[in-house]
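*Asks:* This is a predicted model, with the sequence first.
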Amino acid sequence: MNLIFLGAPGSGKGTQAIRLAEKVNILHLSTGDLLRAAVKEGTELGKKAEGFMKAGELVPDEVIIGLIEAKQASGDLNNGFILDGFPRTIPQAESLDKMFDRVGTKIDNAVLLDVDDEEIINRLSGRMSCSGCQAGYNYPANMPKKEGVCDKCGGELVRRPDDMPDVVKNRLDVYKKQTQPIEDYYRGKGVLLPITGVGVPDEIFSRICEGLKV
Ligand code: AMP
């Protein structure tokens, strides 16, 4: 099963994609996670990406396309995958299609998590994650037992620098201008699967599984 997960920042696509990848035993590949790890390690890729990420802007297409092509070339995408956070622009979507045409792979579905702006802003302003194991929390819906401390590993909970309120607004604008057009791109190909992304996570997960018949 080859899937793309689409949705605004804070739509819950990361959480749901991880859960689905576990259930159907395929690779979960988040370009945001790869870039954050590269920034933390101070690699060349991290240095190229850091400024864009801090400002809530997209990393240039050629950088991110190179990253996905490397994953394809190393065989990581051979046994099914969920691409989480890629593609995010029409040129990225077109490059992905060209790459898959060359190797005879296709996207089965692009799952779109639909959440309205007000809910997105509320969610992002309450989002925290563990600096150790990356577990996600959300105030007030999903709080840790002890304020600021991860339930799973005892690590410190931090807010992503790009979840600061002024950057959140820019990320939403960027989503609307640069990423939303790819919803139509996949709708046109007959593979878009829109899912209502509001409600408790279990409910949303059931809707996704039902839509994909898994
Ligand atoms: P995410 O965790 O998916 O919200 O991604 C965090 C940040 O990483 C984004 O705001 C972008 O700066 C960058 N990023 C992640 N994926 C992409 C992509 N496909 N194209 C460009 N920038 C990306």
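*Replies:* All right, it came through fine.
*Asks:* contacts, neighbours, all on C-alpha from now
*Replies:* Noted.
*Asks:* close to the ligand, is the helix or strand L34 falls within?
*Replies:* L34 belongs to helix 31-41 when elements are defined using DSSP states H and E. Yes - for helix 31-41, a contact with the ligand is found by Cα under 6 Å from any ligand atom, at 31-33.
*Asks:* show me where the protein has helices.
*Replies:* Here the chain has its helices, by DSSP state H, at 13-24, 31-41, 44-55, 61-73, 90-103, 117-125, 165-174, 181-188, 201-212.
*Asks:* Output those helices in a markdown table; the columns should cover mean pLDDT and mean neighbour count.
*Replies:* Listed next are these as a markdown table, based on pLDDT from 0 to 100; neighbours: other Cα atoms under 10 Å:
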| stretch | mean pLDDT | mean neighbour count |
| --- | --- | --- |
| helix 13-24 | 96 | 18 |
| helix 31-41 | 94 | 16 |
| helix 44-55 | 95 | 16 |
| helix 61-73 | 95 | 15 |
| helix 90-103 | 97 | 15 |
| helix 117-125 | 86 | 16 |
| helix 165-174 | 88 | 17 |
| helix 181-188 | 98 | 16 |
| helix 201-212 | 97 | 14 |
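*Asks:* Would you mind putting these into a markdown table with distance to L3 alongside?
*Replies:* Listed next are the helices of the chain as a markdown table, based on distance: least, Cα to Cα, whole Å:
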| stretch | distance to L3 |
| --- | --- |
| helix 13-24 | 9 |
| helix 31-41 | 14 |
| helix 44-55 | 24 |
| helix 61-73 | 14 |
| helix 90-103 | 12 |
| helix 117-125 | 23 |
| helix 165-174 | 23 |
| helix 181-188 | 12 |
| helix 201-212 | 10 |
